[in-house]
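Chemist: Quick one: sequence and predicted model below, then my questions.
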Amino acid sequence: MNNRIKQFAILAGVYVGDDMWFADELNPKTQMFAQLIVRECANISNQAEKQCQHPGTQIMKHFGVEE
């Protein structure tokens, strides 16, 4: 697992250490979830760049995250 994803998992309270999640069966699924979000962000960023828009703003808007 990527260290940055692990840091987010710790902040979110779903990581308890030694690559153990609160429910072991969630481990591969949680990692896939994180990877899908990263891929979606990359796609949004690439599209925003082509349209001369701010990628960060577009990503937050896409996911409904307020500043």
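Modeler: Arrived safely.
Chemist: Please, where are all the helices along the chain?
Modeler: 3-12, 26-50, 55-63 (DSSP state H).
Chemist: Show me the shaky parts of this protein.
Modeler: The model of the chain has pLDDT under 70 over residues 1-2, 16, 18-27.
Chemist: Run a quick neighbour tally on Tyr15.
Modeler: Neighbourhood size, Tyr15 [other C-beta atoms under 10 Å]: 20. Backbone N, C-alpha and C define where each C-beta goes, glycine included.
Chemist: oh, I was asking about Ile44
Modeler: 19.
Chemist: again, but for Cys41
Modeler: With other C-beta under 10 Å as criterion, Cys41 counts 17.
Chemist: what sits against it?
Modeler: Counting by C-beta atoms under 8 Å, 6 or more residues apart in numbering, Cys41 touches Ile59.
Chemist: now do 10 Å
Modeler: By C-beta atoms under 10 Å, 6 or more residues apart in numbering, the contact list for Cys41 reads 55-56, 58-60, 62-63.
Chemist: Which one of the residues you listed is nearest to Ala12?
Modeler: Closest to Ala12 out of the contacts of Cys41 is Phe63 (14.8 Å), distances taken as C-beta to C-beta.
Chemist: Wait, the closest one touches Ile44, no?
Modeler: Yes. Between Phe63 and Ile44 there is a contact under C-beta atoms under 10 Å: 8.8 Å.
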